[in-house]
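Participant: my questions concern the predicted model and sequence given below.
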Amino acid sequence: MEKLGEVYKLSSSERSTDLSFPRGGEGLSVRFEDLIKKLPAAFYATDKDGYIILYNDAAVQLWGREPEIGKDRWCGSFKIFQLDGITEVPLDECPMALTLKKKESVRVDQPYIVECPDGSRKYFIPYPDPIFDLYGNVTGATNMLMDVTESRLAENQKARLAAIIDSSSDAIISKTLNSVITSWNQAAEKMFGYTEEEMIGQSIFKLIPPDRTEEESQILEKIKKGKLVDHYETKRLRKDGKLIDISLTISPIKDSDGNITGASKIARDITRTKILERHKDDFIKMASHELKTPVTSINGYVQLLLHICDEREYKLPDAVKKCLHTIERQVSKLTALITELLDASKMESDKLELRKTQFKLEELIEECVAEARQITLKHAIIFRSDYPGKITADKLRIGQVITNLLSNAIKYSPASDKVAVFLKKEGEYLQIEITDFGIGIDINDQSKIFERFYRVNGREEHTYPGFGIGLFISNEIIRRHGGTVEVKSEKNKGSVFTVTLPLTS
């Protein structure tokens, strides 16, 4: 311990066994240096006039500075603020100063904020006490400062999360691994009709329809493995007995040791999105069927006119023949679009039927390639096969996929002059690779191009017509065969679409 005039600084490197306060501090002559040094809390002392005469290392860490013995008065803080973080507390009005002025211990009901010279802030609670001599005169004071920064920040975060949860339009519910509900926000009350008091401590099965109870065990199995259940669409029961469509996102809840103790569930009511999707699908079905009849009729009359001209050798003006062939091509495009809409509708309602047979995939691809060559005069379509055997699948639907991919490869490579197709066997699977050397697909769009009605946004892409459902249908057809469709692409360098199919499914 180093003597500075009439005061002492507590040093962590010295082993003094006696500490006394001069200036009338005889009543506090005790051996407590080791005790103070080991305190997790900041500690300091002042003389009767409030000048600091002693402090420990924890106090320096809290204040962010080392005070000057005999010069710093009341406390070693740089600045002190009320809990609002705005109202500054003058140092001569801090709890230590009030304790010495009032000659009694001053206690506060909320923490203060100390600002360090570097601008960082911490929360602390002061416990100042006056020191009296044998005659009752104040000879100084001690102050223990409890750093509550971590707990206060945790409380603030908890309060913010609670505010977010309460203001959320989605139902946010937490539950144990035994399916017992432990929290229930206002949106959950609005969505399901039950109050918080009615649901806390109750089983989540209260919301699950009887025919869907197995979903809970499946969800919990994933949660126990630390997996996220993302956008799981299902139905749940309201208090009034009404079934609602919801989308669930469920995450594991972990304790401080990383153990999974429960699950947090976010539920979004998608009932309206589903009254709207059904209406949209019904409209698509109706419109497609209604359009198909007149389009078929137009196509029939065009074919009849062309046939009459050819059979009877009518010498129609070239412009008329050209118009008839243009109508024929446009009607074919319109028919294909109508068919795509109907197929997309069937996909959504799970009514697309697969009629599987055994056939040679190599021969089917050759047919599709031959047809594709008829629609392009510019592109050389190169086909190579390493598998002449058979596959079990829906020949018509697989042909539809290949035709769609070939059509896209030609359409999106206007500056290129070739498309490559390769069939090969990989174990128990067959792979069809269709490579173009066109405009390519941006990395951000590659995961979305198989979504229904998704179209890439871009100056080049907008010049090509379409509904954005061809790849959606192709992906669904292959998926229902137990296969996959993947894409690898680089902007302005082309794309490779790979269709993987099991030999038997």
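Facilitator: Nice, I can see it. Numbering: from 1, shown residues only.
Participant: strands along the stretch 401-505 of the chain, start to end?
Facilitator: 418-426, 429-436, 484-490, 494-502 (DSSP state E, counting those that start in this stretch).
Participant: ok, the last one: who's next to it in the sheet?
Facilitator: Here the strand partners of strand 494-502, with direction, are listed using DSSP bridges: strand 429-436 (antiparallel), strand 484-490 (antiparallel).
Participant: what about stretch 397-404, distance to the chain center?
Facilitator: 35 Å (Cα atoms, centre = their mean, to the nearest Å).
Participant: for the residue at the greatest distance from the centre of the chain, grab phi and psi.
Facilitator: Distance from the C-alpha centroid of the chain, by Cα atoms, centre = their mean, peaks at Tyr135 (69.1 Å). Backbone torsions for Tyr135, taken as degrees, to the nearest 10, come to phi -100, psi 10.
Participant: from Asp47, how far out is it?
Facilitator: Taking Cβ to Cβ, to the nearest Å as the measure, Tyr135 falls 17 Å from Asp47. C-beta here means a position set from N, CA and C on the backbone, and glycine is covered the same way.
Participant: contacts only, for Leu83.
Facilitator: Residues in contact with Leu83 (Cβ atoms under 8 Å, 6 or more residues apart in numbering) are 110-113.
Participant: okay if I get the residues you listed as a markdown table plus pLDDT and neighbour count?
Facilitator: Formatted as a markdown table, these follow (pLDDT from 0 to 100; neighbours: other Cβ atoms under 10 Å):
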| residue | pLDDT | neighbour count |
| --- | --- | --- |
| Gln110 | 91 | 9 |
| Pro111 | 94 | 19 |
| Tyr112 | 95 | 20 |
| Ile113 | 95 | 22 |
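Participant: using the three-state scheme, assign Arg236.
Facilitator: Arg236 carries the three-state label strand when classified by DSSP: H, G, I helix; E, B strand; the rest coil.
Participant: how is the chain divided into domains?
Facilitator: Per the record, the chain has its domains at 2-153, 168-269, 274-348, 357-502, by automatic domain parsing.
Participant: compare the mean pLDDT across the ones you listed and name the weakest.
Facilitator: Here these differ in mean pLDDT, and the lowest is domain 274-348 at a mean of 73.
Participant: returning to what we had before: can I get the strands paired with strand 494-502 in TSV with mean neighbour count?
Facilitator: Formatted as TSV, the strands paired with strand 494-502 follow (neighbours: other Cβ atoms under 10 Å):
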stretch	mean neighbour count
strand 429-436	21
strand 484-490	16
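Participant: which one of those strands lies closest to Gly201?
Facilitator: Counting by Cβ to Cβ, Gly201 lies closest to strand 484-490 out of the strands paired with strand 494-502; the figure is 45.3 Å.
Participant: if we can go back for a sec, would you format the domains of the chain as JSON lines with distance to Ala159 included?
Facilitator: Listed next are those as JSON lines, based on distance: least, Cβ to Cβ, whole Å:
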{"stretch": "domain 2-153", "distance to Ala159": "10"}
{"stretch": "domain 168-269", "distance to Ala159": "14"}
{"stretch": "domain 274-348", "distance to Ala159": "36"}
{"stretch": "domain 357-502", "distance to Ala159": "37"}
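Participant: wasn't Val302 part of a strand?
Facilitator: No. When three-state DSSP is applied, Val302 is found to be helix, with no strand at that position.
Participant: so it makes contact with Thr326?
Facilitator: No. Here Val302 lies out of contact with Thr326, judged by Cβ atoms under 8 Å, at a distance of 9.7 Å.
Participant: quick one, which of the two is more surrounded?
Facilitator: Val302 (20 against 11; other Cβ atoms under 10 Å).
Participant: contact partners for that one?
Facilitator: Residues near Val302 by Cβ under 8 Å, 6+ apart: 324, 327-328, 331.
Participant: and those, which is closest to Phe124?
Facilitator: Once Cβ to Cβ is applied, the member of these that ends up nearest Phe124 is Val331, at 81.6 Å.
Participant: what about the closest one, how many residues nearby?
Facilitator: 19.
Participant: quick check: closest non-adjacent residue to it.
Facilitator: Asn299 (4.5 Å; Cβ to Cβ, 6 or more residues apart in numbering).
Participant: same check on Glu490?
Facilitator: Closest to Glu490 by Cβ to Cβ, 6+ apart is Gly440, at 5.2 Å.
Participant: list the contacts for the one you found?
Facilitator: Counted by Cβ under 8 Å, 6+ apart, Gly440 has contacts 489-495.
Participant: now the residues you listed in CSV, with distance to Asn56?
Facilitator: Converted to CSV, those look like this (distance: Cβ to Cβ, whole Å):
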residue, distance to Asn56
Ser489, 65
Glu490, 64
Lys491, 63
Asn492, 67
Lys493, 67
Gly494, 70
Ser495, 69
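Participant: farthest-separated two in those residues?
Facilitator: Most distant of the contacts of Gly440, by Cβ to Cβ, are Asn492 and Ser495, 10.8 Å apart.
Participant: more neighbours, those two?
Facilitator: With neighbours defined as other Cβ under 10 Å, Asn492 and Ser495 compare such that Ser495 has more, 24 against 11.
Participant: roughly how far apart are the more buried one and Asp343?
Facilitator: Taking Cβ to Cβ as the measure, Ser495 falls 23 Å from Asp343.
Participant: what does Lys390 give?
Facilitator: 25 Å.
Participant: now swap in Glu197 and tell me
Facilitator: To Asp343, Glu197 is 50 Å away according to Cβ to Cβ.
Participant: between the two, which is the more surrounded one?
Facilitator: Per other Cβ under 10 Å, whichever of Glu197 and Asp343 has more neighbours is Asp343, with 21 against 9.
Participant: what residues are up against that one?
Facilitator: Contact partners of Asp343, counting by Cβ under 8 Å, 6+ apart, are 352, 469, 473.
Participant: before we move on, what about Ile52?
Facilitator: Applying Cβ under 8 Å, 6+ apart, the residues near Ile52 are 44-46, 67-70, 72-73, 75-76.
Participant: so it sits in a helix?
Facilitator: No. Per three-state DSSP, Ile52 lies outside any helix segment and is strand.
Participant: so after the helix or strand encompassing Leu35, what's the next helix or strand?
Facilitator: If you go by DSSP states H and E, Leu35 is part of helix 33-38. Once the chain leaves helix 33-38, the next helix or strand it forms, by DSSP H and E, is strand 42-47.
Participant: output that next one as CSV, nothing but the C-alphas.
Facilitator: Taking C-alpha atoms only, strand 42-47 is exported to CSV below (Å, rounded to 0.1, in the frame of the first residue of the first chain):
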residue,chain,number,x,y,z
ALA,A,42,-16.4,-2.0,-7.2
PHE,A,43,-15.5,-0.5,-3.9
TYR,A,44,-14.1,2.9,-2.8
ALA,A,45,-14.0,5.2,0.2
THR,A,46,-13.9,8.9,0.8
ASP,A,47,-13.0,11.2,3.7
